[in-house]
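1. Give me a model of this one.
(4 chains)
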Number of protein chains: 4
Amino acid sequence: MVAEHEIQIRVRYSETDAMGYLHHAHYFAYFEMGRTELLRSQGGNYRVMEEGGLFMVVIHLECKYRQPARYDDVLTLKTRIARVTPAKLEHEYRLYRDGDLLTEARSTLACVDANGIVQRIPDVFQGIV
Amino acid sequence: MVAEHEIQIRVRYSETDAMGYLHHAHYFAYFEMGRTELLRSQGGNYRVMEEGGLFMVVIHLECKYRQPARYDDVLTLKTRIARVTPAKLEHEYRLYRDGDLLTEARSTLACVDANGIVQRIPDVFQGIV
Amino acid sequence: MVAEHEIQIRVRYSETDAMGYLHHAHYFAYFEMGRTELLRSQGGNYRVMEEGGLFMVVIHLECKYRQPARYDDVLTLKTRIARVTPAKLEHEYRLYRDGDLLTEARSTLACVDANGIVQRIPDVFQGIV
Amino acid sequence: MVAEHEIQIRVRYSETDAMGYLHHAHYFAYFEMGRTELLRSQGGNYRVMEEGGLFMVVIHLECKYRQPARYDDVLTLKTRIARVTPAKLEHEYRLYRDGDLLTEARSTLACVDANGIVQRIPDVFQGIV
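-> You can find the predicted model right below:
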């Protein structure tokens, strides 16, 4: 059982905006990477899941931005599963730079098939809260 | 006084993902467009504001995804200011396709100067709630 | 026969970078929009094409950047088909701001099926050079 | 003297498109990462360069796509400087997956100051061709 998974991400120049900061929309790509790697650390593989016909779709996002990040910053993203129900999966994210908390976020995903019909969350997500 | 502003956005191919849908992070670029155009409809101009040294930074986002959008869909985004305080600005967004509500979101922005010091929200945002 | 098609694009804040300019990678999303709209002006529809199992994949790109674009600039993109062969489609792009040429580009696309096997370029692209 | 620098990049879900592949525009973000890391391996730092008032702007790009990449692929990017003149810097890129060459590209950058005036290419780029 892994309660939390951690990855390092270096901010790309292409992710900055005219304010000189990591644009607020790109954080969600980082959180998605956190989910992919948390799942991999559990022995799961999202690509294989999709090839098998199951898709995890984002149905709710919330993000609180405390401090900005800049080009070339090395950030630490901590991702954990906060809650699993038969139909929904909730993740929590905390993004740090040198120990300072920059951003906190939360997402809810639903599991659907290729037709968008809700499916049961796969077992790999169970028991890792 | 304009309570709400509406723009049309056609989903770009580059905004889709392997699931065939508009990727969830790109909605925030749309909402940012909604803010730019709502401000312009008030006689304001965000580019001029930044040139004058004031920046509106996103400090909180929340988004509920009800139905996906696809490549080439023409979407209608309705943006309104929900609340203005001396230091914060809250917008609400509803994104539609053919009258169906796809997504609802809410953001909070703070006004800062080039050093990140909080400033008073400019008057152009006042009185349009 | 339409030799050339023209669209207007306003630069989004999310497309800028820390230099304050439209990031060089985003031009290719604009050129893709140019192709979509040129095809639509011919009576074609790329989404319908893909639903029918044909995909136009980019196999070569070349772009010359003369002058930068900035947030909120309204740009004019002129797209034309330079050459059609049974297997390849070449487009040319010129991007302007207030009559000044900012960028020139050229792309080559191949037509493939869902398995990546090369297919004959559809007739809608013929005769419009 | 380092002739070539190599980095690993895992394709993000947010970088895929409806065709299921890494979208062609995102390769340029990868090449930019290759430049950043090649420079760092030389003892240079692009962020520090920008803070000192020098900017490397892309003035020409060319890319040949041989095979597509997919979500979760681990790619190897090899970046080298092909040519340095007082005013221009040319890089070459080759992107591989499991030893297969997917993409070849070439870029030309110019060095400018904050006003866009052309400057001499910094010495850190010299002697590493």
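2. Is the biggest strand by length in chain A positioned near chain D?
-> Assignment by DSSP state E gives strand A:100-112 as the longest strand of chain A. No. No part of strand A:100-112 sits close enough to chain D to count as contact by CB under 8 Å from any CB of the partner chain; the gap is at least 12.2 Å. Glycine gets a C-beta too; all of them are placed from N, C-alpha and C.
3. For beta bridges, what are the partners of the closest residue to A:Pro68 other than its chain neighbours?
-> Once flanking residues are discounted, A:Pro68 sits nearest to A:Tyr21: 4.0 Å by CB to CB, 6 or more residues apart in numbering or on different chains. Beta-bridge pairing for A:Tyr21 (DSSP bridges): A:Arg70.
4. How much space separates A:Tyr21 from A:Ser107?
-> To A:Ser107, A:Tyr21 is 22 Å away according to CB to CB, to the nearest Å.
5. The two: which is more packed in?
-> Comparing A:Tyr21 with A:Ser107 by neighbour count (other CB atoms under 10 Å in any protein chain shown), the higher total belongs to A:Ser107, at 25 against 22.
6. picking that back up, flag every buried residue along the longest strand of chain A.
-> Neighbour counts using 16 or more other CB atoms under 10 Å in any protein chain shown place A:Leu102, A:Thr103, A:Ala105, A:Arg106, A:Ser107, A:Thr108, A:Leu109, A:Ala110, A:Cys111, A:Val112 of strand A:100-112 among the buried residues.
7. Farthest pair within the residues you listed?
-> Using CB to CB, the buried residues of strand A:100-112 reach their maximum pairwise distance at A:Leu102 and A:Val112, which is 31.5 Å.
8. In contact with A:His23: list those residues for me.
-> Shown in contact with A:His23 (CB atoms under 8 Å, 6 or more residues apart in numbering or on different chains): A:Glu15, A:Thr16, A:Asp17, C:Tyr13, C:Ser14.
9. now do 10 Å
-> By CB atoms under 10 Å, 6 or more residues apart in numbering or on different chains, the contact set of A:His23 is A:14-17, A:68-69, B:25, B:28-29, B:32, B:58, C:13-18.
10. Whichever strand or helix holds A:Val48 and chain D, are they touching?
-> According to DSSP states H and E, A:Val48 maps onto helix A:46-51. Yes. If you take CB under 10 Å from any CB of the partner chain as the test, helix A:46-51 does meet chain D, through A:Tyr46, A:Arg47, A:Val48, A:Glu50.
11. Next one, pLDDT for A:Leu54 please.
-> With respect to pLDDT, A:Leu54 scores 94.
12. ditto for A:Val124
-> With respect to pLDDT, A:Val124 has a value of 83.
13. where does the residue nearest to it when sequence neighbours are not counted land in three-state SS?
-> Nearest residue to A:Val124, sequence neighbours excluded (CB to CB, 6+ apart): A:Gly44, at 3.9 Å. State at A:Gly44, reduced to three classes by DSSP: H, G, I helix; E, B strand; the rest coil: coil.
14. Over to A:Gly53?
-> The assignment at A:Gly53 comes out as coil when based on three-state DSSP.
15. give the contact list for it.
-> A:Gly53 touches A:Val112, A:Asp113, A:Ala114, A:Asn115, A:Gln119, counting by CB under 10 Å, 6+ apart.
16. one more time with 7 Å
-> For A:Gly53, the contacting residues are A:Asp113, A:Ala114, by CB atoms under 7 Å, 6 or more residues apart in numbering or on different chains.
17. Which phi and psi values does it adopt?
-> phi 100, psi 10 (degrees, to the nearest 10).
18. Could you measure from it over to B:Phe31?
-> A:Gly53 sits 32 Å away from B:Phe31, taking CB to CB as the criterion.
19. Look up which helix or strand A:Pro29 falls in, please.
-> Residue A:29: Ala, not Pro. Assigned by DSSP H and E, A:Ala29 belongs to helix A:27-41.
20. contact partners of that helix?
-> So helix A:27-41 is contacted by A:2, A:5, A:7, A:9, A:46, A:61, A:63, A:77, A:79, A:91, A:93, A:95, A:103, A:105, A:107, A:124, B:24-25, D:12-14 (CB under 7 Å, 6+ apart).
21. any idea which of the residues of helix A:46-51 next to chain D is closest to chain D?
-> Closest approach to chain D among the residues of helix A:46-51 next to chain D (CB to the nearest CB): A:Arg47, at 4.3 Å.
22. which residue packs closest to the closest one, ignoring adjacent ones?
-> The nearest residue in space to A:Arg47 (CB to CB, 6+ apart) is D:Asp72, at 4.3 Å.
23. Ok, A:Gln67 next?
-> In this structure, A:Gln67 finds its nearest non-sequential neighbour in A:Leu102, 4.8 Å apart by CB to CB, 6+ apart.
24. now do A:Val74
-> Closest residue to A:Val74 apart from its sequence neighbours, by CB to CB, 6+ apart: A:Arg10 at 5.2 Å.
25. Could you check how far the most centrally placed residue in chain A is from D:Glu37?
-> When chain A is reduced to its mean C-alpha position, the nearest residue by CA atoms, centre = their mean turns out to be A:Phe31, at 3.0 Å. Separation of A:Phe31 from D:Glu37 (CB to CB): 24 Å.
26. low-confidence ranges in chain A?
-> Chain A contains residues with pLDDT under 70 at A:1-2, A:127-129.
27. How about the residues of it by chain B?
-> Proximity of chain A to chain B is confined to A:19, A:24-25, A:28-29, A:55, A:58-65 under the rule CB under 7 Å from any CB of the partner chain.
28. Provide a list of residues in contact with A:Arg12.
-> When contacts are counted by CB under 7 Å, 6+ apart, A:Arg12 touches D:Ala29, D:Glu32, D:Met33.
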